[in-house]
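> generate a structure from the sequence data that follows.
(one chain, ligands or ions: 1)
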Amino acid sequence: MKKIISKANKISGKPLIPGDKSISHRGLILGALASGTSEVIDILEGEDVQSTAACLQKLGVEITKSGNKTFIKGIGDKKSFNNDLVLDCGNSGTTMRVMMGVLAGMPVNATLTGDASLVKRPMKRVSAPLLEMGANFKLTNENFAPLVVTGSKLHAINYDLKIASAQIKTAIIMAAINAQGTTTITGEIGSRDHTERLLPHFGVDIDVSENKISIKGNQSLKANIVKVPGDPSTAAFWIGAASILPGSTLELENISLNPTRIGFIYALQRMGADIKTEITSSHPEPVGKITVKYSGLNGCFISKEEVPSLIDEIPLIAVLATQAHGVTEVRGAEELRVKESDRLQAVATNLEAMGCEIEIFPDGFRINGPQKLNGAEIQTFNDHRIAMAFTIAGLVAENQTTIFDAECVAVSYPNFYETLTELTK
Ligand code: S3P
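Alright, predicted model coming up:
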């Protein structure tokens, strides 16, 4: 599907933001393991979350829906799943990596696979700590899916995490719950902390301090209700658009304001954006209101330490940087090379196609703004965040912008283009 995007005057409104992708995955997975029936309210209807639901259903977990509620009948004390399966994780890295941790200590034999993008993404970073715990994995070319997991008895480890990835961290935590002894994780543990926040909600004892996570083994989960707030990484597209289109105003409600997720808002505020947040409830996740009024942007420096809190928003930051006055530089973001696409390359290719000068580094980029963008043909590389970021670029570009394979937005935001039409009306 091709989408043609024209220059917009402004965006304004009060869009409903779909449920947070990370919390939706975790709600399903924790519900699947718990004893009793869990309820996930306002789950994201995107394809990635559907991949997690489909894998769990194939494993034998009963998942039903009624209105905005998803019910998950967990396996509880049975602690076993259907066996000898092929589980298709689609485009979803979170599904594959977290399920590796879940299945590692279960009496199950399963092959995990995914689409053309997912089978190119590194998985050894997840299997390595799990192997140390006694798990059995066979990876294609020692790093990729399709991969086979044969569950076994696990033991606790002390793991020094070198990559600030919530997917790896969550996989280790999920395996640790099934292991003998107390697992500790140190090092790069500052990525999104939804798993750490949700586990106590499901009755699991997990100790989190600034430098260390400790999880006792052989724990059981108890069913609970998870209310999924709006996804800040999805809201980011409208926040970004309102920050570069003069006259824009935006009100967003019920958005996750988890500090590990809103580095984008902090960075934009530093760039001079007029963004206000107000927390309306805090348990188990801070949730609240965001208001945005257009105000011009200045360039800023985004460091390695900030990257985990805005990792998914970096392609959008590149687009916004073209409209900001002065230099914007992002460093320490080499992880972008192994996302749904090589996002640094995708940003460079598409901004250059729009006539923008960008200096690209192995771990980031530098853009000296403001620069005029010209409408161009955008290659999405089937990456939802590239499609959405360059749709926002199209709103400020001269002439028309064509987004190829725009249907990939359904991975995280199926109604993205409908909402765009409403906000630019
Ligand atoms: C996610 C973690 C992040 C993020 C992804 C979702 C999660 O990936 O990019 O969209 O739900 O745990 P990494 O763990 O690779 O940083």
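> all contacts plus neighbour counts: C-alpha atoms, from now on.
OK.
> residue 44 touches residue 24, doesn't it?
Yes. Taking contact to mean C-alpha atoms under 8 Å, the distance of 6.1 Å between residue 44 and residue 24 places them in contact.
> how's the chain carved up into domains?
Described in terms of automatic domain parsing, the domain architecture of the chain consists of the residue ranges 3-19+229-423, 21-227.
> possible to save those as JSON lines with distance to the ligand and mean neighbour count?
Converted to JSON lines, the domains of the chain look like this (distance: least, C-alpha to the nearest ligand atom, whole Å; neighbours: other C-alpha atoms under 10 Å):
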{"stretch": "domain 3-19+229-423", "distance to the ligand": "5", "mean neighbour count": "20"}
{"stretch": "domain 21-227", "distance to the ligand": "3", "mean neighbour count": "21"}
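> which residues are contacting stretch 188-199?
Here stretch 188-199 makes contact (C-alpha atoms under 8 Å, 6 or more residues apart in numbering) with 22-23, 26, 30, 160-166, 169-170, 205-206, 208, 211-213, 221, 260-261, 284-285, 308-309.
> among those, which are in helices?
22-23, 26, 30, 166, 169-170 (DSSP state H).
> how about these in a markdown table, adding pLDDT and distance to residue 292?
As requested, these are arranged in a markdown table below (pLDDT from 0 to 100; distance: C-alpha to C-alpha, whole Å):
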| residue | pLDDT | distance to residue 292 |
| --- | --- | --- |
| 22 | 98 | 24 |
| 23 | 98 | 24 |
| 26 | 98 | 29 |
| 30 | 98 | 34 |
| 166 | 98 | 28 |
| 169 | 98 | 33 |
| 170 | 99 | 33 |
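> centre of the chain to stretch 5-25, how far?
The gap between the average C-alpha position of stretch 5-25 and the chain average comes to 15 Å, counting by C-alpha atoms, centre = their mean, to the nearest Å.
> now do stretch 378-391
15 Å.
> neighbouring contacts of it?
For stretch 378-391, with C-alpha under 8 Å, 6+ apart as the criterion, the contacting residues are 5, 237, 312-313, 315-316, 319, 340-341, 343, 346-347, 350, 353, 401-406, 408-412, 416.
> apply 7 Å and report the result again.
Residues from elsewhere that reach stretch 378-391, judged by C-alpha atoms under 7 Å, 6 or more residues apart in numbering: 5, 237, 315-316, 319, 340-341, 350, 402-406, 408-409, 411.
> equivalent analysis for stretch 303-319, please.
Counting contacts by C-alpha under 7 Å, 6+ apart, the residues touching stretch 303-319 from outside are 164, 191-192, 233, 260-264, 330-333, 343, 347, 386, 389, 393.
> quick one: mean pLDDT for that stretch?
pLDDT averaged over stretch 303-319 equals 98, rounded to a whole number.
> okay, and which of the contacts of stretch 303-319 map to strands?
Helix and strand membership here follows DSSP state E; of the contacts of stretch 303-319, those in strands are residue 330.
> mind checking pLDDT for residue 284?
89.
> who touches it in this structure?
197-198.
> from residue 300, how far out is it?
Spatial separation of residue 284 from residue 300 under the definition C-alpha to C-alpha, to the nearest Å is 32 Å.
> just residue 176 next, same as before
The span separating residue 176 from residue 300 equals 40 Å under the rule C-alpha to C-alpha.
> so which residues of the stretch 151-300 of the chain form helices?
Remark: helices assigned in the stretch 151-300 of the chain by DSSP state H, counting those that start in this stretch are 166-177, 194-201, 232-244, 263-270.
> which elements pack onto the first one?
Going back to what we said before, that points to helix 166-177. If you count contacts as 3 or more C-alpha pairs under 7 Å, 6 or more residues apart in numbering; DSSP states H and E, helix 166-177 packs onto helix 93-103, helix 124-132, strand 212-216.
> okay, the angle between it and strand 212-216?
When axes from the mean of the first three to the mean of the last three C-alpha atoms, to 10 degrees is applied, the directions of helix 166-177 and strand 212-216 differ by 30 degrees.
> same question, the last one
With the same axes, to 10 degrees as the basis, helix 263-270 and strand 212-216 are set at 160 degrees to each other.
> start the count at 228, not 1, going forward
I'll keep to 228 as the first residue from here, and by that count the last item is helix 490-497.
> between helix 490-497 and helix 459-471, how many degrees?
Interaxial angle of helix 490-497 relative to helix 459-471 (the same axes, to 10 degrees): 20 degrees.
> what sits up against helix 490-497?
For helix 490-497, contacts defined as C-alpha under 7 Å, 6+ apart pick out 502, 533, 536-537, 540.
> my read: residue 273 touches residue 642, true?
No. Contact criterion C-alpha atoms under 7 Å: residue 273 and residue 642 do not qualify, at 9.4 Å.
> what residue is smack in the middle of the chain?
Within the chain, the residue whose C-alpha comes closest to the C-alpha centroid is residue 249; the distance, by C-alpha atoms, centre = their mean, is 5.6 Å.
> excluding its backbone neighbours, what's nearest that residue?
Spatial nearest neighbour of residue 249, excluding adjacent residues (C-alpha to C-alpha, 6 or more residues apart in numbering): residue 421 at 7.4 Å.
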